[in-house]
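S.K.: A structural model of the following input is requested.
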Amino acid sequence: MTQAEGTLPADQPEQSPTAKLTLLTLTMMVVGSMVGAGVFSLPSRFAQETGAAGALIAWAIAGTGMLMLAFVFQTLAVRRPDLDAGVYAYAKAGFGEYLGFFSAFGYWASACVGNVTYWVLIMSTVGAIAPALGDGDTALAIILSSAGLWAFFFLIRRGVKEAATINRVVTVAKVVPILVFVVLALFCLKPHVFAENFGGADYAGSLFSQVRGTMLATVFVFLGVEGASVYSRHAKRREDVGRATVLGFLSVFAVFASVTIVSYGILPMSEIAELRQPSMAGVLEEAVGTWGKVFVSVGLIISVLGAYLAWTLMAAEVLLVAARDQDMPRFLARTNHADVPVPALVMTTTLSQVVLVITSFSDDAFNFALDLTSALSLIPFLLAAAFAVKIALRPDELTVGARNARGELVVAVIATVYTAFLLYAAGVKFVLVSFIIYAPATVLFVMARREQGRRLFSPAELVILAVSVAGAVLGVIALAAGWISL
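M.R.: Okay, the predicted model is just below:
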């Protein structure tokens, strides 16, 4: 299906000729893609950086910022119903084909790297009883994870609607253990331990540095808030895309914040920071015994497999729509009889496979992949938020309605400032590593332009190319010189 042209009347929602996903299913896809590996690592990730006070501030900032971003996707789904695939389409419409291409590629690459964290965490979880798997980065763990990658490839090939239905069932199954964790931790919470953890440990530094240190972790767990927007071409009703985004976000935010805060009442902050991943299992083991660790571990495996399914679907969808818009090589635009973009799916699984192997050379495979996933996603998010600012200030002929433009502008500006702050919080290391990944991707852009017989780059695009290449070269030099490390 090609991208829709023109606008749609407000009372005539777009209908997809393929799978028609309802509000509930779209919401489940948002929740399913957000609730994955990240939530199970939150206690340790936060305790390494901040105490309970800093965590509360961090969640307030992250919750407000990501809620504004969720509202941005809700607004854009209604105001620009002609745009499919969310993040990518908004960047292209607002800032041109080359930045749109970078947005598509960056979002896709972040999904692929994020998928690697799922398999690393599964193997690390099982590694608690099978030492040969280590922390998910041993040779055996890489082999088993690779087998899992390709097993899911064959499952998804069978059909988009079938995979989405599986995701809906798995989402319900994986949320239950997390809710049980929160309830049990509340009952076992020790007020004196929570009070000792409130201000943070000596190693945590100033309150500002504590909050800044948690920002990438919050980005990772909130990735997927745009899930319904990415999959908008399959929505039964267009307005359900925005509703699912906000409903999914609010549900997950409450759970994530609760998991983090209650953990500070179970163990001293220094001990939480040293827990093996998934640290949620270690916290519950301290609270209720060994069965708690087993319970969380089983829930994690279900959760991670469901999130992997949702993210693989969304990643392939972005490549498909980009190719159909002629911003990626045309071979990525092909689908099979079940409307599955097989070439895009192959490319998605292949990149995940490559990154999986690379993580075996990292000192901390899970946290490296987690932070890189967050950093890669920031530029696409920033461009989408900036596009919302643009149409709030000056709607174009394709923008539907003009309702509450001032309110939309305020929301879009907050979302833009928030994502810009996240780039700062990511630090130089992950920005440079992101450039190393972004710059070579231009080969795909050149392939697409050559297929169309078009000029490869405009003057403005040459400037963007020069910046990306310079960043990549600096990143390679920094790695070689040991200024930064994986």
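
S.K.: For the residue positioned nearest the centre of the chain, which non-adjacent residue is spatially closest?
M.R.: In the chain, the centroid-proximal residue (Cα atoms, centre = their mean) is L223; its distance is 2.7 Å. Using Cβ to Cβ, 6 or more residues apart in numbering and skipping the chain neighbours, the partner closest in space to L223 is S377 (5.7 Å). No exception for glycine: its C-beta is placed from N, CA and C like everyone else's.

S.K.: Could you do V180 as well?
M.R.: With sequence-adjacent residues excluded and distances taken as Cβ to Cβ, 6+ apart, V180 is closest to F295, at 7.2 Å.

S.K.: cool, L320 as well?
M.R.: Closest residue to L320 apart from its sequence neighbours, by Cβ to Cβ, 6+ apart: P341 at 3.8 Å.

S.K.: now A384
M.R.: Distances taken as Cβ to Cβ, 6+ apart place Y90 nearest to A384, at 4.4 Å, with adjacent residues excluded.

S.K.: Same check on V30?
M.R.: Spatially, and ignoring its direct neighbours in sequence, V30 is nearest to G248 (2.8 Å; Cβ to Cβ, 6+ apart).

S.K.: what does D327 give?
M.R.: Computed as Cβ to Cβ, 6+ apart, the closest residue to D327 that is not its neighbour in sequence is F101, at 5.0 Å.

S.K.: wait, is that neighbour part of a strand?
M.R.: No - checked against DSSP: H, G, I helix; E, B strand; the rest coil, F101 lies outside a strand; its state is helix.

S.K.: what's around it, how many residues?
M.R.: Counted with other Cβ atoms under 10 Å, residues neighbouring F101 total 26.

S.K.: Likewise for L422?
M.R.: Applying other Cβ under 10 Å, we find 24 residues neighbouring L422.

S.K.: can I assume it is in contact with R212?
M.R.: No - contact between L422 and R212 fails when scored by Cβ atoms under 8 Å: they sit 9.9 Å apart.

S.K.: just to revisit the earlier point, so what's the residue nearest to D327 up against?
M.R.: 92, 322, 327-328, 441, 444-445, 448 (Cβ atoms under 8 Å, 6 or more residues apart in numbering).

S.K.: and which of these is nearest to E285?
M.R.: A441 (42.8 Å; Cβ to Cβ).

S.K.: distance of the spatially closest residue to the closest one that is not a sequence neighbour from V318?
M.R.: Closest residue to A441 apart from its sequence neighbours, by Cβ to Cβ, 6+ apart: F105 at 4.4 Å. With distances taken as Cβ to Cβ, to the nearest Å, F105 is found 9 Å from V318.

S.K.: And those two? Which one has more around it.
M.R.: With neighbours defined as other Cβ under 10 Å, F105 and V318 compare such that V318 has more, 30 against 26.

S.K.: so where does the more buried one fall, helix or strand?
M.R.: Under the criterion of DSSP states H and E, V318 resides in helix 290-324.

S.K.: What distance do you get for the residue of the chain positioned farthest from its centre to P268?
M.R.: Seen from the C-alpha centroid of the chain, the residue lying at the greatest distance (Cα atoms, centre = their mean) is H192, 35.7 Å away. Relative to P268, H192 is positioned 11 Å away (Cβ to Cβ).

S.K.: go on, Q48?
M.R.: 13 Å.

S.K.: Quick check: which element contains the residue nearest to L69 when sequence neighbours are not counted?
M.R.: Using Cβ to Cβ, 6+ apart and skipping residues adjacent in sequence, the residue nearest L69 is A415, 4.6 Å away. Under the criterion DSSP H and E, the helix or strand holding A415 is helix 405-438.

S.K.: Output the contacting helices and strands for that helix.
M.R.: Packing contacts for helix 405-438, counted by 3 or more Cβ pairs under 8 Å, 6 or more residues apart in numbering; DSSP states H and E, involve helix 52-79, helix 97-127, helix 207-222, helix 365-393, helix 459-481.

S.K.: avg pLDDT for that helix?
M.R.: The pLDDT scores in helix 405-438 average 82.

S.K.: What residues of that helix count as buried?
M.R.: Of the residues in helix 405-438, 408-409, 411-416, 418-419, 422-423, 425-427, 429-438 count as buried by neighbour count, 16 or more other Cβ atoms under 10 Å.

S.K.: again, but for stretch 326-334
M.R.: Residues of stretch 326-334 classed as buried by neighbour count (16+ other Cβ under 10 Å): 327-329, 332-333.

S.K.: How far off centre is it?
M.R.: Offset of stretch 326-334 from its chain centre (Cα atoms, centre = their mean, to the nearest Å): 23 Å.

S.K.: Kindly report the same for stretch 436-446.
M.R.: 21 Å.

S.K.: Output it in CSV with nothing but the alpha carbons.
M.R.: Provided in CSV are the C-alpha atoms of stretch 436-446 (Å, rounded to 0.1, in the frame of the first residue of the first chain):
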residue,chain,number,x,y,z
ILE,A,436,29.8,5.8,13.2
ILE,A,437,26.6,3.9,12.5
TYR,A,438,24.7,6.8,10.7
ALA,A,439,27.4,7.9,8.2
PRO,A,440,27.9,4.5,6.3
ALA,A,441,24.1,4.3,6.0
THR,A,442,24.2,7.0,3.4
VAL,A,443,25.1,4.2,0.9
LEU,A,444,21.5,3.1,1.0
PHE,A,445,20.4,6.7,0.3
VAL,A,446,22.7,6.9,-2.7
